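**Student:** sequence first, then the predicted structure:
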Amino acid sequence: MSDTYRRIVLASRPRGWATVDDFRLEVVDMPPLEDGHVRVRNHFLSLDPYMRGRMNDAKSYAAPQALGETMIGATVGEVVESRDPGFAVGDRVAGYLGWAEYGVSAAGGLTKVGTHPLSAYLGVLGMPGMTAWYGVNKILEPKPGDTLVVSAAAGAVGGVVGQLARRAGARVVGIAGGAEKCRYVTQELGFDACVDYKTAADVKALAGSIRTAAPAGVDAHFENVGGDVLNAVMSLLNPFSRVAICGLISDYNMIPGDIPKSAIRNPGLFLTARCRMQGFIVTDHLELWSEGLRALTAEVASGRMKYRESIANGVESAPAAFIGLLKGENLGKQLVRLKDDG
Ligand code: NDP
């Protein structure tokens, strides 16, 4: 094991769009290992949209990322040194060790993972999968015959949402950017239809395209994007419909103080549709993780749940891959591979 490792720190807080210059690559010394702690070689790092919010020094559900510190993030890897009886060298673990080749964690901050490919524990069998499972099963509760719409449908969360909702008997309509993503969503993931939002000139045109794909209206909507997508879907909500606000990525790079693109244009639709809209943060529901992960693991093990990964190579590639994720360059879960055979 080398005496040093590479990491990415937050160098500056962006105003508007994040750029690669907001990050810095550093080579740092391997720290000593204290009792009760474990050293992990990270094989994969997860890149997630929420990281953009942490780059701001703003009020949110979580504290901002500190400047000059390793960028936060979930990781999977193998134990290379342990001073805790619960972990041995070679154990496969998930943790939050950030954008770094190695990390040290208190034993309580690590979870041993199962036998599926390590990367799956950052996607379909990790936080994004759980997000989909929670929103579908605990908020939207699709019934046979319902129509469910999900935005960012070709992404890590959206792809799982649609497959779970189809299993529950719903007609599933995805919304995604571009023909390739729409083909993936319908042909590989089995959604009933997919709308390419990039071909719609405005909210009205987008609503028209979604209406064609959802002729019976929308009973449940899983929102990952916001902006025009949210306003278009809201105009199609059926009486007593449900909307789960999971993410509003179209506003993540907005300049503080600007009006969000996700501003709801017609609150009267709440009244006429008598709809329920609920935001959620998956980590508020850790008591449900074992139940959700059991269900997701069964779906993956049976081969019914399909997923894809977009993989960048090397910790130095993380900033550009992260900005690419915010711009929609990923298909499925965006990861960074940190070890050659990882
Ligand atoms: P994805 O893998 O879906 O990647 C993000 C996708 O968002 C891009 O590929 C892009 O797809 C789409 N996108 C980006 N900008 C826009 C835009 N302006 N308009 C429309 N689509 C856009 O990410 P995740 O699956 O990891 O996350 C999806 C959402 O879920 C995010 O909003 C995230 O913050 C949220 N989330 C919330 C959690 C919670 O606890 N509430 C937990 C985890 C995730 P396209 O090419 O189709 O535009």
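**Tutor:** Structure's in. What do you need?
**Student:** report the spatially nearest residue to the residue most central in space within the chain, omitting neighbours in sequence.
**Tutor:** Nearest to the geometric centre of the chain sits residue 128, at 4.6 Å (C-alpha atoms, centre = their mean). Leaving aside its chain neighbours, residue 128 sits nearest to residue 156 (3.8 Å; criterion: C-beta to C-beta, 6 or more residues apart in numbering). Every C-beta, even on glycine, is put in place using the N, C-alpha and C of the backbone.
**Student:** and the residue nearest to the centre of the chain, how far from residue 134?
**Tutor:** 11 Å (C-beta to C-beta, to the nearest Å).
**Student:** quick one: contacts for whichever residue of the stretch 51-200 of the chain sits closest to the ligand?
**Tutor:** In the stretch 51-200 of the chain, the residue found nearest to the ligand is residue 155; the distance is 1.8 Å by C-beta to the nearest ligand atom. Taking C-beta atoms under 8 Å, 6 or more residues apart in numbering, we find residue 155 in contact with 128, 224, 330, 332, 333.
**Student:** mind listing what the first one touches?
**Tutor:** With contact set as C-beta under 8 Å, 6+ apart, residue 128 has these partners: 48, 122, 155, 156, 157, 160, 333.
**Student:** contact partners for the fifth one?
**Tutor:** Residue 157 is in contact with 128, 129, 131, 132, 224, 246, 247, counting by C-beta under 8 Å, 6+ apart.
**Student:** out of the residues you listed, which are close to the ligand?
**Tutor:** Residues of those in contact with the ligand (C-beta under 6 Å from any ligand atom): 128, 131, 224, 246, 247.
**Student:** now pLDDT and secondary structure too, for those, in CSV please.
**Tutor:** Below are those laid out as CSV (pLDDT from 0 to 100; DSSP: H, G, I helix; E, B strand; the rest coil):
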residue, pLDDT, secondary structure
128, 98, helix
131, 98, helix
224, 98, coil
246, 98, coil
247, 98, coil
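**Student:** buried ones from those, can you make that a PyMOL selection?
**Tutor:** Burial among those is assessed by 16 or more other C-beta atoms under 10 Å; the matching PyMOL selection reads:
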select buried, resi 128+131+224+246+247
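**Student:** and residue 335, backbone torsions?
**Tutor:** phi -130, psi 160 (degrees, to the nearest 10).
**Student:** wouldn't it be in contact with residue 312 here?
**Tutor:** Yes. The pair residue 335 and residue 312 qualifies as a contact (C-beta atoms under 8 Å) at a distance of 7.3 Å.
**Student:** return every residue with contacts to both of these two.
**Tutor:** With C-beta under 8 Å, 6+ apart as the test, residue 335 and residue 312 both reach residue 47.
**Student:** which of those two has more neighbours?
**Tutor:** residue 335 (26 against 22; other C-beta atoms under 10 Å).
**Student:** beta-bridge partners for that one, please?
**Tutor:** residue 46, residue 311 (DSSP bridges).
**Student:** quick one: contacts for it?
**Tutor:** 44, 45, 46, 47, 119, 122, 123, 309, 310, 311, 312 are the contacts of residue 335 under C-beta under 8 Å, 6+ apart.
**Student:** ok, and the most crowded of the residues you listed?
**Tutor:** When neighbours are counted by other C-beta under 10 Å, residue 45 leads the contacts of residue 335 with 31 neighbours.
**Student:** quick check: chain neighbours aside, which residue is closest to that one?
**Tutor:** residue 336 (4.3 Å).
**Student:** can you give me the neighbour number for the closest residue in space to residue 8 that isn't next to it in sequence?
**Tutor:** Residue nearest to residue 8 in three dimensions, not counting chain neighbours: residue 99, with 4.0 Å by C-beta to C-beta, 6+ apart. Residue 99 has 29 neighbours, counted by other C-beta under 10 Å.
**Student:** how about residue 316?
**Tutor:** 14.
**Student:** give me the pLDDT for it.
**Tutor:** pLDDT for residue 316: 98.
**Student:** cool, residue 1 as well?
**Tutor:** For residue 1, pLDDT reads 80.
**Student:** that one against residue 78, yeah?
**Tutor:** No. Contact criterion C-beta under 8 Å: residue 1 and residue 78 do not qualify, at 11.9 Å.
**Student:** quickly note the distance from the residue lying closest to residue 152 once chain neighbours are set aside to residue 53.
**Tutor:** Of all residues not flanking residue 152 in the chain, residue 224 sits nearest, at 3.8 Å (C-beta to C-beta, 6+ apart). In this structure, residue 224 and residue 53 are 14 Å apart, going by C-beta to C-beta.
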